[in-house]
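Participant: Below: sequence and its predicted model.
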Amino acid sequence: MNKSILLSIKPKYVDSIMKGEKRFEFRKSIFRSNNITRVYIYSTTPIKKIVGYFKLGDIIKGDPHEVWERCSLFGGISEKDFFEYYEGKEIAFSLCIDELNIFDNAICPYSIFENFIPPQSFMYFDNMESKI
């Protein structure tokens, strides 16, 4: 069964994704499920809305320096911020953003998830398409 995730992303990075400047989303850890098909974008405070989704492309895993070399051109983050984010980490992950879809009207997650709590990083869910 295909699953989706809701990924918490800071608004400044969401803006870069929406403009096409950021085609990779960097993470310190990754979900365990290997059948993720869609990644819904939750823009964190102060937006607090689901703004769209993308098809999950490749997941790049490696030493932070290797990941930076492969993804920096469309990483949407400065080299300084990237290496501060991964300070002390031996492994970096990069989610490739394919087929981005931005909603005409952002969705309030509290209207579709009972007792919604914004995920620290991400949360799994099934049948999101039927809720939106």
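Facilitator: Alright, I've got the coordinates. Just so you know, these numbers come straight off a predicted model, no measurement behind them.
Participant: got the buried residues for the strand ranked longest in the chain?
Facilitator: In the chain, assigned by DSSP state E, the strand with the most residues is strand 92-107. Across strand 92-107, burial judged by 16 or more other CB atoms under 10 Å covers 92, 93, 94, 95, 96, 97, 106, 107. C-beta: built from backbone N, CA, C; applies to glycine.
Participant: and the last one, what pLDDT?
Facilitator: It refers to residue 107. For residue 107, the model assigns a pLDDT of 95.
Participant: Repeat that for the fourth one.
Facilitator: Per-residue confidence for residue 95 comes out at a pLDDT of 97.
Participant: other SSEs contacting the worst-scoring helix or strand of the chain on mean pLDDT?
Facilitator: Sorting the helices and strands of the chain by mean pLDDT, DSSP states H and E puts strand 122-125 at the bottom, at a mean of 84. Applying 3 or more CB pairs under 8 Å, 6 or more residues apart in numbering; DSSP states H and E, we find strand 122-125 packed against strand 3-9.
Participant: Just the C-alphas of the strand it packs on, formatted as PDB.
Facilitator: Listed next in PDB are the C-alpha coordinates belonging to strand 3-9 (Å, rounded to 0.1, in the frame of the first residue of the first chain):
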ATOM      1  CA  LYS A   3       1.700   5.900   1.900                       C
ATOM      2  CA  SER A   4       2.100   9.600   2.100                       C
ATOM      3  CA  ILE A   5       3.900  11.800   4.700                       C
ATOM      4  CA  LEU A   6       3.300  15.200   6.000                       C
ATOM      5  CA  LEU A   7       6.700  17.000   6.200                       C
ATOM      6  CA  SER A   8       7.200  20.100   8.400                       C
ATOM      7  CA  ILE A   9       9.200  22.700   6.500                       C
END
